[in-house]
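Enquirer: Provided below are the primary sequence and the corresponding predicted coordinates.
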Amino acid sequence: MNEAEILEKVLAVFAANGINVESVTVDTMLGSPELELDSVVFMKVFIELENVFQIEIDYQDAVDQDSHTVGSLIDYLVERTTSQDK
């Protein structure tokens with residue numbers, strides 16, 4: 001699965017959880033006000049991402065300490081789904 005496909009699925013999960021994804025880009029910070037990602041929604045989103053991608057997500061690794069962006073989440077998912085395919 002490539003980055004564009006993963007981004008599409010992540011945005012679908014965000015939208016399904018009431019997050020307005022119209023202005024979301026890979027540079028959008030996960031803690032930004034535009035995402036309205038409180039702790040409950042955060043957990044719901046990550047649980048749903050685990051189900052969609054059939055992987056267990058390490059939340060600390062998925063949200064890089066230096067870059068809490070949608071892009072860092074995408075990079076993590078690309079790495080995990082690629083390594084799972086091997």
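Expert: Cool, got the structure.
Enquirer: pull the residues that contact the lowest-mean-pLDDT helix or strand in the chain.
Expert: In the chain, the helix or strand scored least confidently by mean pLDDT, DSSP states H and E is helix 59-62, which has a mean of 79. Contacts of helix 59-62 with the rest of the structure, by CB atoms under 8 Å, 6 or more residues apart in numbering, involve 46, 72-73, 76-77. Any C-beta I mention is one placed from the backbone N, CA and C, and that applies to glycine too.
Enquirer: and if you look at stretch 29-46?
Expert: With contacts defined as CB under 8 Å, 6+ apart, stretch 29-46 is touched by 13-14, 17-20, 23-24, 28, 57, 59, 62-63, 68-70, 73.
Enquirer: break down the protein into its helices, ranges please.
Expert: 3-16, 39-53, 59-62, 70-85 (DSSP state H).
Enquirer: ok so, going back, for the least confident helix or strand of the chain, list every residue counted as buried.
Expert: By 16 or more other CB atoms under 10 Å, the buried positions in helix 59-62 come out as Ala62.
Enquirer: so how far is it off the chain centroid?
Expert: Distance, stretch centre to chain centre, for helix 59-62: 10 Å (CA atoms, centre = their mean, to the nearest Å).
Enquirer: please apply the same query to stretch 22-40.
Expert: That offset, for stretch 22-40, works out to 10 Å (CA atoms, centre = their mean).
Enquirer: same question for stretch 22-41.
Expert: Relative to its chain's centre, stretch 22-41 lies at 10 Å (CA atoms, centre = their mean).
Enquirer: cool, stretch 6-26 as well?
Expert: Centre to centre, stretch against its chain (CA atoms, centre = their mean), the figure for stretch 6-26 is 8 Å.
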